[in-house]
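> output the structure for:
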Amino acid sequence: MIDLTQYKELMKCKKQMKKIEKECDKQFRKEFRENPDMSSERYDEIYFPHKNFQLEKYTKMLYDIFIDMNPIIIEHRTGERLKFLEVFGGNFEILDNRYKLQVYLMAEENSIMYKFLDDLKRTDDIVKKGGNYEKKMEIGFEAPILRNGLVKEDGYQCGLPLKTWRKLSYEERTYYDEEFCKKSQREQARYMNENYGMNYNLNDFPDDDKTK
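Take a look at the predicted model:
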């Protein structure tokens with residue numbers, strides 16, 4: 001079992017992070033009482049100290065711990081079992097913030113991309129069960145594949161590459177979400193095979209079972 005409670009400096013850092021979060025909460029409540037229509041930009045500004053500490057200080061400590069022990073992790077998209085170093089590399093600074101967040105989620109919550117093979121005892125004493133993901137990754141919503149801290153293969157959202165998806169307006173995203181989810185699972189699998197070189201076995205999916 002991976003036991004994070006044995007790392008005293010990490011536990012101290014967690015307490016400090018919680019203190020910063022409480023200070024942000026206090027500031028948010030004060031401003032929200034004065035302005036219930038607070039903008040999302042102002043909300044982000046208020047919580048920036050917490051989010052920044054979480055990502056750059058606390059997650060960095062988690063990352064260093066995992067680099068030292070180099071545990072086996074499971075890739076949701078492929079089912080492969082890989083060493084932590086193979087996936088996240090040895091340089092925290094080159095990681096995109098989205099993938100730094102996955103390190104945090106693996107240790108503190110749940111990551112849709114990677115999880116540990118072994119059970120993990122979180123800093124709050126909760127034990128997370130290790131091993132394979134119970135469900136396969138949803139067709140057309142595949143996560144990126146990382147190797148050595150960099151993206152080896154892009155991910156997808158509603159059957160579109162993430163790079164394309166991120167450029168769409170809210171209305172366009174809603175349209176593609178609705179259109180893709182109208183397809184049966186087999187149609188979705190065929191679409192991903194033909195357009196993005198996936199290797200789904202079409203016989204594994206029903207042709208009349210709509211995903212929504």
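> ok now stretch 37-49, how far from the chain's centre?
Taking Cα atoms, centre = their mean, to the nearest Å, one finds the center of stretch 37-49 at 22 Å from the center of the full chain.
> nope, stretch 57-66 is what I meant
For stretch 57-66, the gap between its own C-alpha mean and the chain's C-alpha mean amounts to 16 Å (Cα atoms, centre = their mean).
> touching it from outside, list them.
4, 7, 9-10, 13-14, 17, 84, 88, 92, 100-101, 103-104, 107 (Cβ atoms under 8 Å, 6 or more residues apart in numbering). For the C-beta atoms, the positions are set from N, CA and C on the backbone; glycine is no exception.
> list the buried residues in that stretch.
58-63, 65-66 (16 or more other Cβ atoms under 10 Å).
> nearest to Lys136 among the residues you listed?
Closest approach between those and Lys136, by Cβ to Cβ: Phe66, at 24.9 Å.
> state whether Leu82 is indeed within a strand.
Yes - assessed with DSSP: H, G, I helix; E, B strand; the rest coil, Leu82 lies in a strand.
> burial measure for it, as a count.
Look at Leu82: counted by other Cβ atoms under 10 Å, it has 17 neighbours.
> contacting residues around it?
72-75.
> for Lys121, same thing?
Lys121 neighbours (Cβ under 8 Å, 6+ apart): 1-5, 127-128.
> counting neighbours, what do you get for Met38?
14.
> local confidence estimate at it?
Among the per-residue scores, Met38 holds a pLDDT of 89.
> ok now do it, which residues does it touch?
31-32.
> ok, back up a step: taking the contacts of Lys121 one by one, which sit in helices?
Using DSSP state H, no member of those falls within helices.
> which SS class is Thr123?
Using three-state DSSP, the structure places Thr123 in coil.
> neighbours of it, how many?
For Thr123, the neighbour count with other Cβ under 10 Å is 19.
> re earlier: closest to Gln188 out of the contacts of stretch 57-66?
Relative to Gln188, the closest of the contacts of stretch 57-66 is Leu101; by Cβ to Cβ it sits at 27.0 Å.
> that closest one contacts Lys51, correct?
No - using Cβ atoms under 8 Å, Leu101 is not in contact with Lys51, being 9.7 Å away.
> of those two, who's got more company?
More neighbours surround Leu101 than the other of Leu101 and Lys51, with 18 against 15 (other Cβ under 10 Å).
> confirm that Leu146 sits in a strand.
Yes - under three-state DSSP, Leu146 sits within a strand.
> okay, and the beta partners of it?
Val151 (DSSP bridges).
> what about the helices in this protein?
Taking DSSP H as the test, the helices found in the chain are 8-34, 40-53, 59-69, 84-88, 97-108, 162-165, 170-181, 185-196.
> comparing these, which comes out most buried?
Per residue and on average, the most neighbours among the helices of the chain fall to helix 84-88, with a mean of 21 (mean count of other Cβ atoms under 10 Å).
> quick one: list the elements packing against that helix.
Applying 3 or more Cβ pairs under 8 Å, 6 or more residues apart in numbering; DSSP states H and E, we find helix 84-88 packed against helix 59-69, strand 72-75, strand 145-147.
> which residues touch the shortest one?
It refers to strand 145-147. By Cβ under 8 Å, 6+ apart, strand 145-147 touches 75, 77-78, 86-88, 99, 113, 151-153, 155.
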